[in-house]
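quick one, fold the following:
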Amino acid sequence: MKEQMPFCSQCGNAVQPADTFCGRCGARQPAAAAPRPLGNDPLAALSPRTASILCYVPGIGWIAAIFVLAADKFRHDRPVRFHAFQGLYLFVAWLVEQWVIRPMVGRLAGHGAIPGLIEAVLLGMSIFMMVKASHDEAYALPLFGELAQRSVLED
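Residues are numbered from 1 along each chain as shown. All right, here's what the predicted structure looks like:
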């Protein structure tokens, strides 16, 4: 496999991989990234903090949580697994709000604000947990945190 020749980050001139400066414009070239080791775990380069934060992203955090729970890298990392389980339970609450509460309450006249309020609370909880996870804090939300702690212990 032939390696591609890099180009200057300023003028686009072809440079050698080992060049620190461009021969045409003299601009300093960024250091070449170290090759990433190939392995069986696609999350090998993901830090525990980033993995924990991703588990709370509204709408898609459940995907990250499933990958984290399945990853060999986090198999024995209880704080990260706690965040993954709690993120999954928070996602289930979103589903209950959208598929159960919203249709039921939507049929009652004058109660349209209730689903919106529940959705705002769930969004606030997700943002709060992303901040807590970014500070490496395993904060247990009411009900969700207790379920997550039990899930981690049974794991």
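
residue contacts, His83?
By CB atoms under 8 Å, 6 or more residues apart in numbering, the residues touching His83 are 51-52, 55-56, 65, 68, 129, 133, 138, 148. To be clear about C-beta, it is placed using only N, CA and C from the backbone, and glycine gets the same treatment.

from Trp99, how far off is the residue nearest to it when sequence neighbours are not counted?
Excluding its sequence neighbours, the residue lying closest to His83 (CB to CB, 6 or more residues apart in numbering) is Ser52, at 3.9 Å. To Trp99, Ser52 is 27 Å away according to CB to CB, to the nearest Å.

for the two, indicate the residue with more neighbours.
Ser52 (30 against 10; other CB atoms under 10 Å).

list the buried residues in the helix or strand hosting that one.
According to DSSP states H and E, Ser52 maps onto helix 48-54. Within helix 48-54, the residues that count as buried by 16 or more other CB atoms under 10 Å are 48, 51-54.

hmm, which two among those are most spread apart?
Pro48 and Leu54 (10.9 Å; CB to CB).

domains in this protein, by residue range?
Using automatic domain parsing, the domain parsing of the chain gives 1-35, 48-154.

just for the protein, where's the confidence low?
For the chain, applying pLDDT under 70 flags the ranges 1-5, 32-43, 109-112.

re the thing from before, so which of the domains of the chain is the most packed in?
Using mean count of other CB atoms under 10 Å, the stretch among those with the largest mean neighbour count is domain 48-154, at a mean of 17.

that one: end-to-end distance?
21 Å (CA to CA, to the nearest Å).

can you give me how far it is from the chain middle?
12 Å (CA atoms, centre = their mean, to the nearest Å).

dump the buried residues of helix 48-54 to a markdown table, plus distance to Val80.
Shown next, in a markdown table, are the buried residues of helix 48-54 (distance: CB to CB, whole Å):
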| residue | distance to Val80 |
| --- | --- |
| Pro48 | 5 |
| Ala51 | 5 |
| Ser52 | 5 |
| Ile53 | 10 |
| Leu54 | 10 |
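
remind me, longest helix of this structure?
Ordering each helix of the chain by length in residues (DSSP state H) puts helix 113-134 first.

and that helix, what does it pack against?
If contacts are counted by 3 or more CB pairs under 8 Å, 6 or more residues apart in numbering; DSSP states H and E, helix 113-134 sits against helix 48-54, helix 78-96, helix 102-106.
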